[in-house]
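>>> structure of the sequence below:
(2 chains)
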Amino acid sequence: MTHYAAVLLFALFASVVFGITQRETPQRMVRYGAYCFVLFAGSAVVLSWVMYLIAR
Amino acid sequence: MATTPNKLAAAQKDTQQGFVYLPLIAGWLVPGAGHFLIRKWGRGTLLAVSVLGMFSIGIAMQGKIYGSAHDILEMLGLAGDLGNGLLYFAARAFGLGADQVLVTTADYGRAFIVVAGLLNVIAAVDAHNIRTGRKS
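Numbering: from 1, shown residues only, chains lettered A, B, ... in the order given. A predicted model of the protein is given here:
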């Protein structure tokens, strides 16, 4: 498994739990879960680029 | 209009009957079981798949299962692992996972296992909140 695949799986599972537990209605659960997933995956990509640029 | 308060009172009475901590304890011991007890089948299935998936991936990565705590960081890791409930005890009993982190993927696996436990605790508390009527 690649590092990125691990990040995506982590983001997916954590987002599902956050979405279900932190919101009341199914529609809001899906929206919040998607929001968390984008934040998880997006922040991993951004931080990876930041570390890459720092290490140069 | 007159039936609405009656229905609300009946629903509140219904949620107060029985042992209110049962979904919390069941949800901790078996991922998703707390929601199954209160007939939230879809949510319970998704939570169970998520927690079991994270735990399984962590084990497959040879992640460390904390057996004892010698310092504060190990104590926190052990607390996270214990959140997995019976999965943790089964992993300990069958010798799954690794005793020490030796490769990079094992460190990721350790994080997966710990976070799976923490997410399971959140799910169990959610089941308790639904049971007590604090959440729908």
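>>> got the buried residues for the longest helix belonging to chain B?
Assignment by DSSP state H gives helix B:104-132 as the longest helix of chain B. Under the neighbour-count criterion of 16 or more other C-beta atoms under 10 Å in any protein chain shown, helix B:104-132 has B:105-106, B:108-128, B:130-131 buried. C-betas here are computed from N, CA, C, even on glycine.
>>> what's the separation between the nearest residue to residue B:105 once chain neighbours are set aside and residue B:103?
Leaving aside its chain neighbours, residue B:105 sits nearest to residue B:61 (4.6 Å; criterion: C-beta to C-beta, 6 or more residues apart in numbering or on different chains). Distance of residue B:61 to residue B:103, computed by C-beta to C-beta, to the nearest Å: 9 Å.
>>> grab the nearest non-local neighbour of the spatially most central residue of chain A.
Closest residue to the average C-alpha location of chain A: residue A:40 at 2.4 Å, with C-alpha atoms, centre = their mean. Excluding its sequence neighbours, the residue lying closest to residue A:40 (C-beta to C-beta, 6+ apart) is residue A:11, at 3.4 Å.
>>> do the same with residue A:20
Counting by C-beta to C-beta, 6+ apart, residue B:43 is the residue found nearest to residue A:20 once chain neighbours are left out, at 5.1 Å.
>>> is that neighbour in contact with residue B:34, as I believe?
No. Residue B:43 is beyond contact range of residue B:34, at 9.7 Å (criterion: C-beta atoms under 8 Å).
>>> and the residue nearest to the centre of chain A, what's its pLDDT?
pLDDT for residue A:40: 95.
>>> looking at residue B:43 and residue B:34, which one has more neighbours?
Taking other C-beta atoms under 10 Å in any protein chain shown, residue B:43 and residue B:34 do not tie; residue B:34 has more neighbours (30 against 25).
>>> verify the stated contact: the more buried one with residue B:128.
Yes. Counting by C-beta under 8 Å, residue B:128 is a contact partner of residue B:34 at 7.0 Å.
>>> what's the overlap in contacts for these two?
The contact sets of residue B:34 and residue B:128 overlap at B:23, B:24, B:27 (C-beta atoms under 8 Å, 6 or more residues apart in numbering or on different chains).
>>> between the residues you listed, which is closest to residue A:48?
For those, the residue nearest residue A:48 by C-beta to C-beta is residue B:27; the value is 34.6 Å.
>>> quick one, what contacts that closest one?
B:33, B:34, B:35, B:37, B:120, B:123, B:124, B:125, B:126, B:127, B:128 are the contacts of residue B:27 under C-beta under 8 Å, 6+ apart.
>>> report the secondary structure element holding residue A:7.
Residue A:7 belongs to helix A:3-22 when assigned by DSSP states H and E.
>>> can you point out the buried residues in that helix?
Buried residues in helix A:3-22, counted by 16+ other C-beta under 10 Å: A:6-7, A:10-21.
>>> can you check stretch A:27-44 too?
Residues of stretch A:27-44 classed as buried: A:29, A:32, A:33, A:36, A:37, A:40, A:41, A:44 (neighbour count, 16+ other C-beta under 10 Å).
>>> all set, thanks.
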